[in-house]
Every structure is written in structure tokens, then in C-alpha cells.
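Colleague: Show me the folded form of this:
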Amino acid sequence: MMPSIYIAEKDVVTLILEFLESRHLHISQQSIERETGVINGCYSDDLLFFRQLILDGQWDDVLDFIDPLEAIESFNSAKFRYVVLKQKYIEMLCIKSEADELSNIEEAVDEIKKLLSQLKPLSPTNEEYTHLCYLLTMPHLSDHADFYNWNPMTGRMSAFQALLPLVEKFLSNTSKESSRVSKNDRLVNLLIKGLLYEACLDYCQKKARSVNVSIQFNKLLQCENVLSDFDLSVIYWLQHLPHDAFCNPFEQATLNINVEKLSKPLLEVYWTEHMLVTPIKPKLFPYNVMPHGRLRAADIMSRSLNPTSDGCLLGRTRGMQAMTRSSLSSFQLTEIGKKPGSMVDQLYRENASACHLSPLCESPDASKVETKGLPLSSEKSSITPVLTSVNETPEQKLIVEYFKERNKDLLLEGSVETSSVLPMTFVMPNITKPLDSSIIDHLQASNDARSCFAPANIIEDSQAIRCAEFHPSGKFYGVGSNSRTLRVFDYPKISELRKNDAVSSPGLVCKKTGHHKGSIYCLGWNPNGDLIATGSNDKTLKLMRFDVENKNFIGDEVDITVHDGTIRDVCFIEDSINKSSLLISGGAGDCKVYITDCTTGKAFQAFGGHTSPILSLYTWGGAMFASGSQDKTVRFWDLRIGGCVSVVTPITSDLSINKGSAVASTCVDPSGRLLVTGHEDGACVFYDIRGARHVQMFKPHASDVRSVRFSPSAYYLLTAGYDGKLVLTDLQGDLTRQLPSVSAAQHADKIISARWHPSDFSFLSTSADKTCALWVLPPV
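Modeller: Sure, this is the predicted structure:
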């Protein structure tokens, strides 16, 4: 039988992790843990989660997590809180000491003082508390002898080692991987034994050829000896030695082992960047259930480190902006799909009105952006609450209690009752009413040589048309207006359009008059195209089924009455686990985002955070979506954790008196990397989601930008404004530089929305001029 040796690479990583931890190389240790998902330890799920909260610096969440233990008399709550608050205090001191002279740190100092007041009654001795107060007077934390070589990772690991004995007796410390733990400096022991084996092997070979030989040890990095068949042959040779050869007693000998200690270099680094950044998160427990935000106190510090947060004059930040311009790397979108044909590019080369949109403020520093954590990628995954990723066992009750407490404020108390509804009716078109020729003439006249798209279809109404959305198949599109009318139209075959064809009205598929008691502000289709939702200033959502094959509404409509103000936008997300659609809605009133299960027609979650009406919603696949508000912020939400994971305040001017502008429209490119926002002051802002930085700001419109949308392959950006213009901006190349743009189309009055076709290079626009137009490139 052929002998075999089994080596798992996971075990090799475990050996390395033990070596790094024993040498206090915690930065490298934690990097390897995240990259490999391997941890050297025998921990239950509760302890794994607890450990990762500490290593991520989520100190407030650490206190929340152990809150159920506070009621246990034998739990040393005072000592536990002291260790946690002390480490939090030290990290805050580190961030404060790295602030430059332009930073306003008053708010941060207030937070540090608050921590000191909390630490005073918890300190084991007065001397210990005095020592903590003394640290506050140090210009730099590293100036103190105790923190000369301090780094946040080592501090957090030390905090975990101090806290573990306090909680492990209350939490089961069992794991299926209990046999895979490295201890007693196993890696170094194996290396020494390997050197001894090599020396023994060399000695046996030389002894066979000569009598006078001595044992010599190779150096660790000596590479002449590689693994070969001869190594196994020695074992076979030993097996064939006579029994008497093993009866001689071994002579006791002492091996002198000299281990040269690693001399760690001093690190030239700003620990602030490491503490405030969102860490890499492997898609496995416990990383995938970590809170997505940074430590809450760090948000206060982030705002304090903003040089313009208290209205600093522009001249004071000129040097910083210059440094940012010189150091900021370029930003390009990943190519997605097929690039549009040369006809579109020719518009930018030949159109007389083609211009370059210059960034009015050169890529502001990321520190000007108020962020509360960074969103993870929105990869398609389960939207089931995070508790389902942890198999609840008696050893994991603390995790369950933690997430229940964390999410309970987001859950609606009781169910949302669905009011009784009348059977739905629909009208199939017979003879299409001809369009008013004056409207056609005006649109064609307003779209002179300066506009590069031409209207293929025009829909008119007695009142302003607020919203239009393409069906996911691209075969239809829905239109809602202030006249309370909802209509669905056929999408024409634009490949059959000819240059001299007259502008016509599209074929009506189905229609519902008096659909709402008020104006229809928004509408949306679910990804499967069998549901359509509308929102109104009558404070109701209406959900209906649509039969794609027969082209009509089916069944009864469902009224959803959870909002107490105008509903401004809706979007859908697919729940891949429960095989159902979730409706996301937001607006005025309580300024909350509501999540409705379309299967039951009942809202089951409400996300609060915005302080002014929500004006726009956008989802780009998966379980994440963004909301833009009149409070000048964009919030990123993740249904997997049931809350907000990031807050961004786009800067729309380089004047310090301007803190931003209401976010009227939002969208994210298909890769989830680039956020684009349109604002009420006419500005558009590009924001790098993963890098947490502004890319640039420019002003394509003279007033409110009510719609921003990427073209199907994200090569172009379409913006629509209250100035009556639709502007097409070329996104190919470096987005930090000037961007070429053309006037794509115009309306006679304010444009309220614009939407691209899912696959064709055409778009819809709705306007206060009481029309909805389908725009296409002029037929050849």
C-alpha cells in the first residue's frame, strides 16, 4: 500500500496566523483572515461574531451585543465596558491627533470628553483614569511611550483577549473546527524538526560513504534540498533495520535553538484612514453579517475633519484642492455590453451645439462627503433578513437577540390592512384620436438643428404628464398624468421608421381613467413585467397585474395606504428566496421608505432616516437601492440587513456657504460603481461608491435636474431639467475630465422625467407641456 500524507492549505494558513499573532503582527494577521476566511481559534458563532465586531472597531455594536448579559449578576459589566470604552477612546485620540490645522475638531473633542466622563466611574483606579486624561494632552498618541509602536489592529486584538475571559463562560465555546487550531508555536516547531530531518538525512547519506562525518544543519532558506523519492526511501530503510538497532538507548542531548527576532520597522501611516474605511468582507460568516457602518463615533470625527464643515473660506482650502487635483486618479466605467454605433458618436463630432461640460469644482476631497459606511456590492442574493444566514442554535442566541434588537425599530407594528377595491376595467383602443397639429409643429420647431433626436411618437393629455416607464420587455410603456389617467402604449418598431414619416400617436394597449383620486406622480414595472405600481398625491399606492400576452390589466387592483404624504417614486426588487416582488416606495409626509410584499399587498418594513421628502428611488439589481431627498442627501439601503448602510451628501458648489442642494433624481450604473445625482440647482454630481469620493460636479441645466439615467450600456447619460432640455453626455473615457455633451431634445415647458428604452437607443420624456414624447435618432 502506497503511503500518503494529507496536507490542507487551510491548516498551513492556520499555522501562519498563529505565528503572526504570537509576534503581534496583527495587521498582516487580519488581512490574511479576511482574504482566506480562516481563523485560528475554536469559537462558537456567538464568539466569532463578537470577535469580528471588535476587530472591525464597532464598539457601540459590541456593547449592544452583550446587552442581554447585563442582567446576569456574575457578569462583570463594569470591567467589560471599561475595556471597550478605553479602546474606543484611544482610537478617537489617534484620529484627533492626526487632524491637520484646517480641521474643526471641536465636535470630536466633545465626543472624547464624553467618553472620559463615561470611563471615570468604570476605571479600576484613580491613577488609571488620570493616565487616560493625560493622553488627551499629548500632541500625538505615539509621543507616549506606551503607544510608541501602537496600531489600531493590535489594540483591538488586545481588547478581544481582555474581553474573552469575561464572556466565554456565558457563551458556548464549541466549534466543528476544534481540531484545526494551531498552538505552542507549531509553525516554528515544524520548521526546526524539518531542519533536523534534513540534517539526519544528509548524515545518513554521508555516513554510508565515509566514517568520519559530523551532523550539519542547513539554513532555513537553503533551497538545494527539495522533496524527492529519497525522503520516503529513508523511512523504508528504517523499517528494514533489525530490531536490535532500536534497543540501544538514545543519548540525551541539548539542542541550542537561536531564533533571531524580527525587527519591525516603524510605520509611516495615518491610522485614521485604516480605522474609518470599510474593510474587505468575505462572503462567509461572520464577515457577511457584520454591521455595514463604521464605528458611530467615527462619523462625528469624519465631519470634524472636514475643513469646510463650518464655512471655511474658499481660499483656506485652495492648497488642499490643488493637492487633490494632482493626486486624484482617473475614473472610468467598466465597459458593459455593446458600444453604440458610429452615428451616436458622430453627433458629438458634427453637432454645432456640442459642448464640453466642465466640472465646476475639481473633484472635491472625499472628506467633504458625509458618509456612514460604504455599501457593499449589490450582487444578486437573498433578501431574507440576516438572521437566516445563521442557524439558530442554543449557542447562537446572543446573535439572534442582537439582530432582533437592531432591526425592531424598522419593523412596522401590526399589519397594513388592504382596503376594499372595485373590479378593474380597461378600454381597448378602437380609433386613435389624431394629435393636435399645433403640438407637433411646436415640438418639431423647438427641436431644430441644435437637437439630435427626433420625436417618433407623441402623446397628449389635458394636464401635465408626470411619469412614463418602459416595460422590461421593451414592447410597451406606461404613462401617468395629472389627469389621473394611466395608459399603456405599444412601442413602435423604430427600425421601420423612415425620414419623412409623420409623427404619430402610439397604439393604445389599455387605459384606466380616474385611476387615482389625485395626480399620478410615479409608476414602475416589476422585473418580470407582470406587475405595475403607481403612486399619487392622494397618498395611496396602487398595485395591478398586467397580462403581457393579452396586453391588458387583470384581476383586482390593490390599494396600499401606508404613506401619509405624496408618493414621489417607486421601484421593484425581486426576492429570490421567496420568489416574490418587493415594492419600494417613498415620498413626503413621514419621509420613510416603505417595503411592500407584492404577494400579500402588505408593507412589512419602514426605513426612516431622511428628514425631508424623498424625491427619487433607484435600484440596480440585488438587494440594494438608493434614495434621494430634499434633505440634500442620498441614502443607500440594504434589505439583507434591514437598514441604511451609507449616507452621502453630494457637494453641488465649491462655495463654502453651499452645503449641497436637494437631490431631485438619482441613478447608479449597472456595475454598482458610480452614483449620479441630479439637483434642484441644476447640478449633476458623479460619486465613486466604492472609493467613497466625488468624481466631479457639472451643470448641464439651468434649473432643477428632474431625471438622470444611464443609457442601456452606460456609455451615455441622459439628463432632463426644468429648463425644458434633455442633454446627452458622453461617459466614455475619464470621468474626472471635461465631458462632451449635446442637446438631445427639448420640450415647451418643464421636463419632469426621462427614461431609456431597455435595449434600443431611444427614450421617453414627460413634460408640463402636457405631452409625452418618444425620441429616436433621426431615421436615415
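Colleague: outside of the biggest helix by length in the chain, which residues touch it?
Modeller: As assigned by DSSP state H, the longest helix anywhere in the chain is helix 186-209. Helix 186-209 is contacted from outside by 15-16, 18-19, 213, 215-218, 220, 225, 230-231, 234, 237, 255, 257, 259, using C-beta atoms under 8 Å, 6 or more residues apart in numbering. The way it works is simple: take the backbone N, C-alpha and C, and place the C-beta from them, glycine included.
Colleague: Now, of those, which are buried?
Modeller: L15, I16, E18, F19 (16 or more other C-beta atoms under 10 Å).
Colleague: export the longest helix of the chain as CSV, just CAs?
Modeller: Taking Å, rounded to 0.1, in the frame of the first residue of the first chain, the C-alpha atoms of helix 186-209 are listed here in CSV:
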residue,chain,number,x,y,z
ARG,A,186,3.6,24.9,15.9
LEU,A,187,5.0,26.5,12.7
VAL,A,188,8.4,27.2,14.2
ASN,A,189,8.4,23.7,15.8
LEU,A,190,7.8,22.1,12.4
LEU,A,191,10.5,24.2,10.8
ILE,A,192,13.0,23.1,13.4
LYS,A,193,12.0,19.5,13.0
GLY,A,194,12.3,19.8,9.3
LEU,A,195,15.9,21.2,9.6
LEU,A,196,16.7,18.3,12.0
TYR,A,197,15.3,15.8,9.5
GLU,A,198,17.3,17.3,6.6
ALA,A,199,20.5,17.1,8.8
CYS,A,200,19.7,13.5,9.7
LEU,A,201,19.1,12.6,6.0
ASP,A,202,22.4,14.2,4.9
TYR,A,203,24.2,12.5,7.7
CYS,A,204,22.9,9.0,6.7
GLN,A,205,24.0,9.6,3.1
LYS,A,206,27.5,10.8,4.1
LYS,A,207,27.9,8.0,6.7
ALA,A,208,27.3,5.4,4.0
ARG,A,209,30.3,6.7,2.1
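Colleague: before we move on, the earlier item: from the contacts of helix 186-209, which land in strands?
Modeller: Using DSSP state E to define strands, no part of the contacts of helix 186-209 is located there.
Colleague: hmm, back to that, specify which member of the buried ones among the contacts of helix 186-209 is nearest to T540.
Modeller: I16 (60.1 Å; C-beta to C-beta).
Colleague: Give me the pLDDT value at that closest one.
Modeller: On pLDDT, I16 comes in at 92.
Colleague: what about it, distance to K183?
Modeller: The spacing between I16 and K183, counted by C-beta to C-beta, to the nearest Å, is 14 Å.
Colleague: One more: S210?
Modeller: S210 is 42 Å from K183, by C-beta to C-beta.
Colleague: on that earlier part again, tabulate the buried ones among the contacts of helix 186-209 (CSV), appending distance to V479.
Modeller: Shown next, in CSV, are the buried ones among the contacts of helix 186-209 (distance: C-beta to C-beta, whole Å):
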residue, distance to V479
L15, 65
I16, 62
E18, 65
F19, 66
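Colleague: ok, which pair from those is furthest apart?
Modeller: Taking C-beta to C-beta, no two of these sit farther apart than I16 and E18, at 7.4 Å.
Colleague: then the helix or strand that contains A456 to CSV, C-alphas only?
Modeller: A456 is located in strand 454-460, with elements delineated by DSSP states H and E. As requested, the backbone C-alpha atoms of strand 454-460 are provided in CSV (Å, rounded to 0.1, in the frame of the first residue of the first chain):
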residue,chain,number,x,y,z
ALA,A,454,-36.4,63.4,-33.3
PRO,A,455,-39.9,62.6,-31.9
ALA,A,456,-41.3,59.3,-33.2
ASN,A,457,-44.5,59.3,-31.1
ILE,A,458,-46.2,62.0,-29.1
ILE,A,459,-48.9,61.5,-26.5
GLU,A,460,-51.0,64.5,-25.4
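Colleague: After it, which helix or strand is next?
Modeller: Defined by DSSP H and E, the subsequent element after strand 454-460 is strand 465-470.
Colleague: For that next one, buried residues please.
Modeller: Within strand 465-470, the residues scored as buried using 16+ other C-beta under 10 Å are I465, R466, C467, A468, E469, F470.
Colleague: Now for the residues you listed: which two are most distant?
Modeller: R466 and F470 (15.8 Å).
Colleague: For the helix or strand containing L615, what is the distance to the chain centroid?
Modeller: Element membership for L615 (DSSP H and E) is strand 614-619. Centre-to-centre, strand 614-619 and its host chain are 16 Å apart (C-alpha atoms, centre = their mean, to the nearest Å).
Colleague: same thing with stretch 234-246?
Modeller: The answer for stretch 234-246 is 63 Å, by C-alpha atoms, centre = their mean.
Colleague: what residues are up against I459?
Modeller: I465, V479, R487, F489, S505, P506, T771, C772, A773.
Colleague: which residues pair with the fourth one across the strands?
Modeller: For F489, the beta-bridge partners are Y477, L508 (DSSP bridges).
Colleague: Tell me, how many residues neighbour it?
Modeller: Here the number of neighbours of F489 (other C-beta atoms under 10 Å) works out to 24.
Colleague: okay but it is in contact with G507, surely?
Modeller: Yes: with contact defined as C-beta atoms under 8 Å, F489 reaches G507; the gap is 6.4 Å.
Colleague: Now do the same for D60: helix, strand or coil?
Modeller: helix (DSSP: H, G, I helix; E, B strand; the rest coil).
Colleague: burial count for it?
Modeller: Counted with other C-beta under 10 Å, D60 comes out at 16.
Colleague: so what pLDDT did it get?
Modeller: At D60, pLDDT is 85.
Colleague: what does K659 give?
Modeller: 70.
Colleague: i'd like the first residue to be 49 from this point on
Modeller: Understood, numbering begins at 49; the last thing we discussed is K707.
Colleague: End to end on stretch 657-671, go ahead and measure it.
Modeller: Stretch 657-671 has an end-to-end distance of 18 Å (criterion: C-alpha to C-alpha, to the nearest Å).
Colleague: er, stretch 669-678 I mean
Modeller: 25 Å.
Colleague: remind me which residues of the stretch 49-198 of the chain are low pLDDT?
Modeller: 49-51, 147-155 (pLDDT under 70).
Colleague: Pretty sure K134 is one of the things L180 touches, is it not?
Modeller: Yes: in this structure, L180 is within contact of K134 by C-beta under 8 Å, at 7.0 Å.
Colleague: what touches both of those two?
Modeller: L167.
Colleague: Would you mind measuring from A674 to P503?
Modeller: From A674 to P503 the distance is 31 Å (C-beta to C-beta).
Colleague: So between these two, which is more surrounded?
Modeller: Using other C-beta under 10 Å, the more surrounded residue of A674 and P503 is A674, with 25 against 19.
Colleague: So what does that one look like in phi/psi?
Modeller: phi -120, psi 150 (degrees, to the nearest 10).
Colleague: pLDDT score assigned to it?
Modeller: A674 is given a pLDDT of 96.
Colleague: Correct me if wrong: it contacts Y666.
Modeller: Yes: using C-beta under 8 Å, A674 is in contact with Y666, at 5.0 Å.
Colleague: anything in contact with each of these two?
Modeller: T714, V716.
Colleague: which stretches of the stretch 649-798 of the chain have low pLDDT?
Modeller: 702-706.
Colleague: Going along the chain, name the strands of it.
Modeller: 650-655, 662-667, 672-677, 682-686, 691-696, 711-716, 722-727, 732-736, 741-746, 753-758, 764-769, 773-778, 787-794 (DSSP state E, counting those that start in this stretch).
Colleague: Before I go, just wanted to say thanks for your time.
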